[in-house]
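Visitor: Need the 3D shape of this:
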Amino acid sequence: MPADNATPHIQGIYETHLTVTDLKTSIPFYRDILGLELAAEFPERRIAFFWVNGKRNAMLGLWETGTAPLKMRLHMAFRLSQEEMMRAPALLIDKGLKPHGFHGELITEPIVIGWVPALSLYFNDPDGHSIEFLSVLGDEPDSAFGMRSYTEWRARR
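Guide: As a prediction, the model looks like this:
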């Protein structure tokens with residue numbers, strides 16, 4: 001982070017998402033033709049995630065038409081260090097933004113997405129696009145954890 005702590009140091013784009021018309025057609029295309037590794041599929045939500053260039057390096061999310069959250073327009077995630085992730089909620093609040101979890105709940109610390117696992121928080125740009133800050137954790141994935149606070153993630157150990 002710069003010395004004045006005014007902005008986070010973004011290390012790169014971690015993930016992006018696409019809307020697809022038929023997930024059953026798109027999964028084989030991205031897996032078998034492009035060679036991406038299927039990271040997770042949630043059939044009940046009609047979404048799938050692929051690892052790009054190896055596990056936890058970068059991700060592509062596919063959302064079948066009509067499945068994206070109503071508030072979500074377009075989405076991208078920027079990769080931050082764990083240290084900067086812990087400072088990010090306060091930094092965003094200081095700038096008049098409202099950091100929130102995946103389901104829109106306001107947060108003051110990052111959430112953990114257990115199946116990755118990764119620290120995560122969301123906020124919106126002026127046009128309502130969903131921006132995410134994310135930092136992949138070195139811990140083993142825990143799908144049963146779901147998405148809860150970092151405090152809860154640490155307490156389970």
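
Visitor: residues making contact with the lengthiest strand in the chain?
Guide: In the chain, with assignment by DSSP state E, the single longest strand is strand 12-20. With CB atoms under 8 Å, 6 or more residues apart in numbering as the test, strand 12-20 has contacts from 26, 49, 58-65, 68, 74-79, 132, 134, 136. The C-beta positions use only the backbone N, C-alpha and C, and glycine is treated the same way.

Visitor: From those residues, list just the buried residues.
Guide: Buried members of the contacts of strand 12-20, counted by 16 or more other CB atoms under 10 Å: 26, 49, 58-64, 68, 75, 77-79, 132, 134, 136.

Visitor: mind checking which helix or strand of this structure has the lowest mean pLDDT?
Guide: Within the chain, judged by mean pLDDT, DSSP states H and E, the helix or strand with the poorest mean is strand 75-79; its value is a mean of 84.

Visitor: Provide the strand pairings for it, with the direction of each partner.
Guide: strand 12-20 (antiparallel), strand 130-136 (parallel) (DSSP bridges).

Visitor: okay, those in TSV with mean pLDDT and distance to residue 34 next?
Guide: What follows is these, written out as TSV (pLDDT from 0 to 100; distance: least, CB to CB, whole Å):
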stretch	mean pLDDT	distance to residue 34
strand 12-20	87	12
strand 130-136	90	22
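
Visitor: Which of those strands has the highest mean neighbour count?
Guide: Most buried of the strands paired with strand 75-79 by mean neighbour count (mean count of other CB atoms under 10 Å) is strand 130-136; its value is a mean of 20.

Visitor: now it: how far from the chain's centre is it?
Guide: How far strand 130-136 lies from its chain's middle: 5 Å, per CA atoms, centre = their mean, to the nearest Å.

Visitor: Ok, stretch 130-146 next?
Guide: 7 Å.

Visitor: For the lengthiest helix in the chain, buried residues please.
Guide: In the chain, taking DSSP state H as the definition, the longest helix is helix 82-94. By neighbour count on 16+ other CB under 10 Å, the buried set for helix 82-94 is 84-85, 88-89, 91-92.
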